[in-house]
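Here is the input, now give the coordinates:
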Amino acid sequence: MAVYVPPASSVGVLTLGKVIKPSATLDHLVRLLNTVRGTDKVLMFVQYFCKILVWFAQKKQRRPIPVDKAAPALDLAQHLRNLSSPVSDFRILLRYYGLLPMLQYMSSVERTASPSKWHLDLIRLQNLSMLLYYPMEHIYWLGAHRIIPLSEQKSNKIAMWSCRFWAAYVVLEFARLAEEWRLLKVKEVTIQKKIKRDLLQTDKGETKEKVLGELEAAKMRTKIGTIVNAAYLPLTVHWSLEQSSFPDVAVGVCGTLAAIGQLMTAWWDTA
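Just a heads-up that it's a prediction; the model follows:
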């Protein structure tokens, strides 16, 4: 069967694809966005960075306008809010399936060797907090959108309690990260001893550079995880209180920092 091969010199709108060169970065970005996690973190960045931009826009709008210049016809801050709000809504919808992988993860945790008993118990407690968080967030969203009959007061109360369980997860995550760091330091000492005694198993591909590289990568992930968790902590406390004075721009800064950290690890995981 004959195959048509377009001439190399053909140019036009229909051959626009020729302008787009093959790109490893583009392929990587597509892989990232093809995952729910990747899409969520990109949207998370948009959602929270908009809050920072809103703050700057409002600050600029409060400046006195010269008499010879008309007031701006468009309210930039409101436009940014109009973008941030549906993005936030969509991210909650993305989490509607979150309970299923959580159940799968809970099962795998019990069937996989854990680095320590304390590490395993912390993960178990975190899983329990998420089992309470997800359904309560779902109920809040359904009530807030008048899909189920739920008063605004009850809906907000449920949202507050769901964030309290999320806050519990964040506090437990600090303990888990501390234990993870301790285990990595123990592993580092063991590796250094093996290197000194020349006991690395070269038949399994364990070179000095490879083993130390994997250790440093694990330590970097733990450091980034700690930064992300530190950014989440004030957010979970803010949303767990009936009255909070935490400014919206600070919510934006913390959320943006957490989004960037998680985007970095999601990027590495889709390499």
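
What segments of this structure are helices?
Listed in chain order, the helices of the chain (DSSP state H) span residues 24-33, 36-61, 76-94, 99-110, 117-144, 152-197, 208-240, 248-269.

Would you format those as CSV with mean neighbour count, mean pLDDT and distance to L16 included?
Yep, even glycine has a C-beta here, placed from its N, CA and C like the rest. Listed next are the helices of the chain as CSV, based on neighbours: other Cβ atoms under 10 Å; pLDDT from 0 to 100; distance: least, Cβ to Cβ, whole Å:
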stretch, mean neighbour count, mean pLDDT, distance to L16
helix 24-33, 12, 95, 15
helix 36-61, 18, 94, 25
helix 76-94, 15, 93, 29
helix 99-110, 12, 91, 39
helix 117-144, 17, 95, 41
helix 152-197, 16, 94, 46
helix 208-240, 16, 95, 39
helix 248-269, 18, 97, 28
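
Need the residues that contact stretch 84-99.
Applying Cβ atoms under 8 Å, 6 or more residues apart in numbering, the contact partners of stretch 84-99 are 36, 39-40, 43-44, 46-47, 50-51, 54, 130-131, 134-135, 137-138, 141.

picking that back up, let me have the helices of the chain in TSV, adding distance to K18 as columns.
What follows is the helices of the chain, written out as TSV (distance: least, Cβ to Cβ, whole Å):
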stretch	distance to K18
helix 24-33	15
helix 36-61	28
helix 76-94	34
helix 99-110	41
helix 117-144	46
helix 152-197	48
helix 208-240	38
helix 248-269	28
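
So for T15, which of those helices sits nearest?
Checking the helices of the chain against T15 by Cβ to Cβ gives helix 24-33 as the closest, at 18.5 Å.

Need the pLDDT of T207.
As summarised for this prediction, T207 has a pLDDT of 79.

What is the neighbour count of it?
T207 is flanked by 12 other residues according to other Cβ atoms under 10 Å.

Tally up the residues packed near the closest residue to it other than its chain neighbours, please.
Nearest residue to T207 in three dimensions, chain neighbours excluded: L200, at 6.9 Å (Cβ to Cβ, 6 or more residues apart in numbering). For L200, the neighbour count with other Cβ under 10 Å is 16.

I'd like to know how far L200 sits from A250.
Between L200 and A250 the distance, using Cβ to Cβ, to the nearest Å, works out to 48 Å.

swap in N156?
Counting by Cβ to Cβ, the separation of N156 from A250 is 21 Å.

likewise A259?
Taking Cβ to Cβ as the measure, A259 and A250 are separated by 15 Å.

Contacts for stretch 108-121 next, please.
Residues lying outside stretch 108-121 but in contact with it, judged by Cβ under 8 Å, 6+ apart, are I123, R124, N127, R176, E179, E180, L183.

The fifth one touches I123, doesn't it?
Same thing as E179. No. E179 is not in contact with I123 according to Cβ atoms under 8 Å; the separation is 10.0 Å.

Dihedrals phi and psi, E242?
phi -70, psi -40 (degrees, to the nearest 10).

Nearest spatial neighbour of it, chain-adjacent residues omitted?
Nearest to E242 is M160, by Cβ to Cβ, 6+ apart, at 6.7 Å.

How about the contacts made by that neighbour?
W239, S240, L241, E242.

Now tabulate the residues you listed in CSV and tack on distance to L26.
Shown next, in CSV, are those (distance: Cβ to Cβ, whole Å):
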residue, distance to L26
W239, 37
S240, 41
L241, 44
E242, 47
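
just curious, which of the residues you listed is nearest to M106?
The nearest member of the contacts of M160 to M106, counting by Cβ to Cβ, is S240 at 23.9 Å.

looking at it, the closest one is touching A167, isn't it?
Yes. S240 sits in contact with A167 when judged by Cβ under 8 Å, with a separation of 5.1 Å.

List phi and psi for P115.
Backbone phi and psi, for P115 under degrees, to the nearest 10, turn out to be phi -60, psi -20.

one step back: distance-wise, check the residue nearest to T207 relative to K187.
Here the distance between L200 and K187 works out to 13 Å (Cβ to Cβ).

ok, now which ones touch the closest residue to L257 other than its chain neighbours?
In space, and not counting its chain neighbours, L257 is closest to A231: 4.2 Å by Cβ to Cβ, 6+ apart. The neighbours of A231, taking Cβ under 8 Å, 6+ apart as the test, are C254, G255, L257, A258, G261.
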